[in-house]
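Have a look at this prediction, sequence included:
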Amino acid sequence: MPKKRININFTQIAEECGVSIATISRVINNKNNVNEKTREMVLKILQKHNVSIAKRPPVSVSKHIAILFHNRDILELHHHGYDTVIKKVETFFNKEGYSIILVKLREENTLPEIIHNTGTKGVILLGKHIPEILYISLTTQSIPFVCIDMESCSSKYFSVNTDNFNGIRKSVEHFVALGHKKIGFISGSLKNLSSKERHNAFKQEIEDHDLTLIKKYIKIRDDSEEEQDFSIRAIEEILEQDSLPSAIILSSNIFSKGVIQVLNKHNIRIPEDISIIGFDDGVVTQSPERISLIQPDWENKGRLAASILFGQIKGITIHPYRAIVSNKLINNNTCSRYNKKGIRRNLVTPLVLWTAPGKLYEHEKKIVTIWNKNNPRSIVTFNPVPRGMETEEVIKSSIVKGISPDLYQGMEAFFANYLARDGVLVPLDTMEGFYTMVKKRKIEKFLDKIRAADGHVYILPQHWTPILGIYNRVLLKKAGFDNPPRTYNDFNKFAERIKKMEDTIPADLPLSPNWWIIARYWHAYNMAIMGEKGLCFDISKIDIPESKEIFRFLSDAVKKGYISNDKKRYDFFKKGNIGYKLIRHPANLLLSDNVNPELTLVFSPPPIPDFIDCPCAPWVEASIKGASIFKNSKNIEKAWNFIKWYYLTEENDLDLLHSISHIPCRGDLHENPLFSDYFNQYPNMKKLISFIDKSGTITHPDKIEIFSIIAEKLWKPLILNNEYNIDKLLDETIKELRDL
């Protein structure tokens, strides 16, 4: 039978194919219980990696070695050490004419059927989670086997294990040589043999080097606690002590991610302030940085296990024994000589800033970098709210859990007022220097538009973007209009004429059922009707003719085919084949300058019902977001100082324009020479800022609840499901709003 040589990382191949390691093994060994489509895919990828599959008799009559593993040991954690072990076992037995079969254990913890096959000459039990009942079953059936990383102390079985004691000894000796005397230890559960051995070794080595064993620096994981949660708790408890260790040993590298996260949070530098060594158990931790490690000799572990098993198969080795594999210290620059000053006792607790994800995050990152460089005593760390999650829900959850940030950048006015009602935000207008900053930014006239019910200001607006309609001037002219349609009937005439043109659509309006889209539509159209009065209008009062007409107008536009979301066919800016669009983000305006400079835009508030007299000064909806400070912050003054610097530095506002095209909330954009070059370069943006004075937003604290009801009871059935009875839908919606 020809020998098959495979030089391949099983885990990587399995991940690339999207199947288990066991499936890869079945394909390599020509097993029948593999879907043909899957088999073809795996063979193609193996071929890509230059792995040849030799034709061979069925596995049932060939001699092979079975490697049994538990899912927790290999797949879920992605174990780079076991990849090496498998390759070395395979190399050894290929030379002896054996094939290797990888078998994932079933949940019932019984020996797989293939083990009972006469072709199975030996078994390797790989990992810490193999139940001892399988050792007993193999012994009863006289099948040779070797355990790798077995957690049982029994001497009845052949096993290969890491030299836990020697690894910890090397760690302590390394720290002692660097002058460290106060050494901490973060340990895994003592129910785990390797953790117990490492814990005992640490205590013994501390004693042997005449050091003091400081119990408050030793943290032991409870068996039921998740590794990440434990590592964070352990290092936090150590940092709460009056004096701190200068070095820490981690009994497993899996704890490194949580430990490094907390040290960074407290501005404790590695290795300048604290040195760290971990114990590499082969688990990929995805830590932000690699730490110094005690690393087992994985290659030798695989070779030794194969040799012991082969000795049993040949009848050479009879008496079971526990083989120990040596390890070495890998220095990844997280250990330094002891600093006599120790860790600084005046540790800086950084300000925690959260921000919206995406481009705003990138802008904030640059700003924070500048601040931190010049303010080492008021370091700011920040994170974006996770994508795909509503900002408001994340913040609510953080408040309940007591983990809200010091400040948030990108808070909407209505939500700030919602949180202020619950007493969790700082009223910014009570902070020293508030009105001085307001005057310098010339935003006095903006404040009344965002005040909470108690008269205070809880959000300092960063950007203020009007949301209004834009028309394609060419199509507007072709439809017979010199000016934008003023009323709904005028708009319908415009839309009918555009619709008749070839490959052209009247409007681009997203038909999303999300509450924030619906709120924006409704308020934009309502502000066009009511003017400045719309700022204080009760948004829950939709049982008026004006509101009814807004929903009827939008519903009719959908039913008459005035709106299309076919982005490939219709594109307002790139193709210029859409007549009207409700602009929601200023960055869209730059498209007309960059990708279609021939496109001429006409700005206009939305049309109004025909029975309404047009207000003398039409107003528009605005997207308003800014900074808020949480009352639970222990650094309110530092947070406020950061905000003052941020908002008084004009260059930050200019970067806001250049980076993400957000319009800074300033009253001097027209005359301030710092911004003149930008607005001269982008004339459409200059047109947009002329609407800022006549714009406002919904500040009602229950905005989410109100428009969630409108979305479910009115918008979805009327707009998305093409129901026509608007009166009935309105009655049901109004009833639920009254209950709210």
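Happy to help now that I have it.

okay, CA-based contacts and neighbour counts for the rest of this
Fine.

For residue 125, which three-state class applies?
Following DSSP: H, G, I helix; E, B strand; the rest coil, the label given to residue 125 is strand.

so it touches residue 138, yeah?
No - between residue 125 and residue 138 there is no contact under Cα atoms under 8 Å: 10.4 Å.

Looking at the two, which has the bigger crowd around it?
residue 125 (24 against 17; other Cα atoms under 10 Å).

Identify the contacts common to residue 125 and residue 138.
Taking Cα atoms under 8 Å, 6 or more residues apart in numbering as the contact rule, residue 125 and residue 138 both touch residue 145.

Mind giving me the packing neighbours of the helix or strand hosting residue 360?
Element membership for residue 360, per DSSP states H and E: helix 359-374. Helices and strands touching helix 359-374, as assessed by 3 or more Cα pairs under 8 Å, 6 or more residues apart in numbering; DSSP states H and E, comprise strand 380-384, helix 650-660.

what's around the closest residue to residue 86 other than its chain neighbours, how many residues?
Nearest residue to residue 86, sequence neighbours excluded (Cα to Cα, 6 or more residues apart in numbering): residue 302, at 6.6 Å. Neighbour count of residue 302, defined by other Cα under 10 Å: 25.

Relative to residue 595, how far out is residue 678?
18 Å (Cα to Cα, to the nearest Å).

the more surrounded of the two?
When neighbours are counted by other Cα under 10 Å, residue 678 and residue 595 differ, and residue 678 comes out ahead with 15 against 12.

Determine the three-state secondary structure at that one.
Under three-state DSSP, the three-state class of residue 678 is helix.

on that earlier part again, show me the contact partners of the helix holding residue 360.
355, 378-381, 383-384, 642, 646, 652, 655-656, 659-660.

Can you pull the poorly scored residue ranges out of the stretch 1-150 of the chain?
1-12, 20-22, 29-35, 50-61, 71-80, 107-108 (pLDDT under 70).

all strands for it, in order.
64-69, 99-104, 120-126, 145-148 (DSSP state E, counting those that start in this stretch).

Check the stretch 551-700 of the chain too.
Using DSSP E, counting those that start in this stretch, strands in the stretch 551-700 of the chain cover 578-582, 601-604, 620-629, 695-696.

Buried deepest among the strands of the stretch 1-150 of the chain, which one?
Mean neighbour counts were compared across the strands of the stretch 1-150 of the chain using mean count of other Cα atoms under 10 Å; the top stretch is strand 145-148, at a mean of 26.

per-domain residue ranges of the chain.
In terms of domains, the chain is parsed into 10-157+300-324, 162-291, 351-466+624-694, 468-622+699-739 (source: automatic domain parsing).

who wins for proximity to residue 334 among those?
Of all those, domain 162-291 sits nearest to residue 334, with 4.8 Å by Cα to Cα.

rewinding a little: wait, which of the domains of the chain is closest to residue 335?
The nearest among the domains of the chain, by Cα to Cα, is domain 162-291 at 4.4 Å.

Can I get the strands of the stretch 1-150 of the chain in CSV including distance to residue 89?
Shown next, in CSV, are those (distance: least, Cα to Cα, whole Å):
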stretch, distance to residue 89
strand 64-69, 9
strand 99-104, 8
strand 120-126, 9
strand 145-148, 11
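
And those: which comes nearest residue 707?
strand 99-104 (50.6 Å).

list the helices and strands the closest one packs on?
helix 21-28, strand 64-69, helix 80-95.

Buried deepest among these, which one?
Taking mean count of other Cα under 10 Å, strand 64-69 is the most buried of the helices and strands packed on strand 99-104, at a mean of 24.

Quick check: end-to-end length of stretch 708-718?
From start residue to end residue, stretch 708-718 stretches across 15 Å - Cα to Cα.

Could you list the buried residues of it?
Under the neighbour-count criterion of 16 or more other Cα atoms under 10 Å, stretch 708-718 has 708-711, 713-718 buried.

Rounded mean pLDDT for that stretch, please.
For stretch 708-718, mean pLDDT rounds to 88.

do the same with stretch 461-480
92.

re the thing from before, using PDB, write down the CA coordinates of the helix holding residue 360.
Coordinates of each C-alpha in helix 359-374 appear next as PDB, following Å, rounded to 0.1, in the frame of the first residue of the first chain:
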ATOM      1  CA  LYS A 359     -16.600  57.400  10.300                       C
ATOM      2  CA  LEU A 360     -17.400  59.400  13.500                       C
ATOM      3  CA  TYR A 361     -15.300  56.900  15.400                       C
ATOM      4  CA  GLU A 362     -12.400  57.500  13.100                       C
ATOM      5  CA  HIS A 363     -12.700  61.300  13.600                       C
ATOM      6  CA  GLU A 364     -12.900  60.900  17.300                       C
ATOM      7  CA  LYS A 365      -9.800  58.700  17.300                       C
ATOM      8  CA  LYS A 366      -7.700  61.400  15.800                       C
ATOM      9  CA  ILE A 367      -9.100  64.000  18.300                       C
ATOM     10  CA  VAL A 368      -8.500  61.700  21.300                       C
ATOM     11  CA  THR A 369      -4.900  60.900  20.200                       C
ATOM     12  CA  ILE A 370      -4.100  64.700  20.200                       C
ATOM     13  CA  TRP A 371      -5.700  65.100  23.600                       C
ATOM     14  CA  ASN A 372      -3.900  62.200  25.200                       C
ATOM     15  CA  LYS A 373      -0.600  63.300  23.900                       C
ATOM     16  CA  ASN A 374      -1.000  66.700  25.600                       C
END
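
Next, the buried residues of that helix.
Those buried within helix 359-374 under the rule 16+ other Cα under 10 Å are 360-361, 363-365, 367-368, 371.

Just name whatever secondary elements the one helix or strand residue 705 maps to is in contact with.
If you go by DSSP H and E, residue 705 is part of helix 703-710. Secondary-structure packing of helix 703-710 (3+ Cα pairs under 8 Å, 6+ apart): helix 515-530, helix 726-739.

Tabulate the ones you listed in a markdown table, adding columns for distance to residue 669, mean pLDDT and mean neighbour count.
Listed next are those as a markdown table, based on distance: least, Cα to Cα, whole Å; pLDDT from 0 to 100; neighbours: other Cα atoms under 10 Å:
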| stretch | distance to residue 669 | mean pLDDT | mean neighbour count |
| --- | --- | --- | --- |
| helix 515-530 | 23 | 86 | 22 |
| helix 726-739 | 40 | 85 | 15 |
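
how about those helices, which one is nearest residue 636?
Closest among the helices and strands packed on helix 703-710, once you apply Cα to Cα, is helix 515-530, at 30.5 Å.

farthest pair in the buried residues of stretch 708-718?
Taking Cα to Cα as the measure, the buried residues of stretch 708-718 span a maximum distance of 14.5 Å, between 708 and 718.

Output stretch 517-537 as CSV, restricted to C-alpha atoms.
In CSV, the C-alpha atoms belonging to stretch 517-537 read as follows (Å, rounded to 0.1, in the frame of the first residue of the first chain):
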residue,chain,number,x,y,z
ILE,A,517,-36.6,56.8,9.6
ILE,A,518,-40.3,57.3,10.1
ALA,A,519,-39.7,59.9,12.8
ARG,A,520,-37.5,61.8,10.4
TYR,A,521,-40.0,61.7,7.5
TRP,A,522,-42.9,62.7,9.7
HIS,A,523,-41.1,65.6,11.4
ALA,A,524,-39.6,66.8,8.1
TYR,A,525,-43.0,67.1,6.5
ASN,A,526,-44.6,68.4,9.7
MET,A,527,-42.0,71.2,10.0
ALA,A,528,-42.7,72.2,6.5
ILE,A,529,-46.4,72.6,7.4
MET,A,530,-46.1,74.2,10.9
GLY,A,531,-42.9,76.2,10.7
GLU,A,532,-41.3,77.1,14.0
LYS,A,533,-44.4,75.9,15.9
GLY,A,534,-43.4,72.4,14.9
LEU,A,535,-40.5,72.6,17.4
CYS,A,536,-42.9,72.3,20.4
PHE,A,537,-45.6,70.2,18.7
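
Ok, which of the domains of the chain comes nearest residue 338?
Using Cα to Cα, the nearest of the domains of the chain to residue 338 is domain 162-291, at 5.2 Å.

The closest one: end-to-end distance?
Domain 162-291 end-to-end distance (Cα to Cα) = 20 Å.

Please state the offset of that domain from the chain centre?
Between the centre of domain 162-291 and the centre of its chain there are 27 Å (Cα atoms, centre = their mean, to the nearest Å).
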